[in-house]
Every structure is written in structure tokens, then in C-alpha cells.
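K.L.:
predicted model and sequence below, questions to follow.
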Amino acid sequence: MKSLTKKQFSIRFLLASQYYMSKVALRLIRECREDIEFFGLEYAQEKWAKFVGR
């Protein structure tokens, strides 16, 4: 599978999170941001692949 750029991944993640209530969406976004910060973009893409539709 082709890796996405951080920008592409962020856009897909935000689009997927819009279907949740704002409080839940904010928590998901925060958790994903922390995954990228602490473990890297590649790890976050693997972890959230189903969520962003990959």
C-alpha cells in the first residue's frame, strides 16, 4: 500500500471524523495527532487505516 503524505492523511482523517459528534471527533483527532507525534506518521497510518478508509 502506498503511504500518504501527512497532509493527505490529515485530510482523510478529518473527513472521516466529521461523521461523529464534535466531542468524540475532537478526541479522535487528538489521539491521532499524539500517535503521529510520539510514534510517527507511518504508525498512525497503520493504526487508523480502517478509519480513514484505506
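P.N.:
Noted; the coordinates are in hand. Residues are numbered from 1 along each chain as shown.

K.L.:
every contact and neighbour count from this point should use C-alpha atoms.
P.N.:
Fine.

K.L.:
pull the contacting residues for W48.
P.N.:
Applying CA atoms under 8 Å, 6 or more residues apart in numbering, we find W48 in contact with C32.

K.L.:
give me the pLDDT value at it.
P.N.:
We have a pLDDT of 92 for W48.

K.L.:
and it, how far is that from T5?
P.N.:
Distance, W48 to T5, using CA to CA, to the nearest Å: 14 Å.

K.L.:
swap in A16?
P.N.:
On the measure of CA to CA, A16 and T5 end up 17 Å apart.

K.L.:
ok, now R27?
P.N.:
From R27 to T5 the distance is 22 Å (CA to CA).

K.L.:
also K23?
P.N.:
Distance from K23 to T5, by CA to CA: 26 Å.

K.L.:
and those two? Which one has more around it.
P.N.:
T5 (12 against 8; other CA atoms under 10 Å).

K.L.:
pLDDT at that one, what is it?
P.N.:
For T5, the predicted pLDDT is 91.

K.L.:
ok, now how distant is it from Y20?
P.N.:
In terms of CA to CA, T5 sits 24 Å off from Y20.

K.L.:
who's in contact with the helix or strand harbouring R33?
P.N.:
Using DSSP states H and E, R33 maps to helix 22-39. Helix 22-39 is contacted by residues 13-14, 17-18, 41-44, 48 when judged by CA under 8 Å, 6+ apart.
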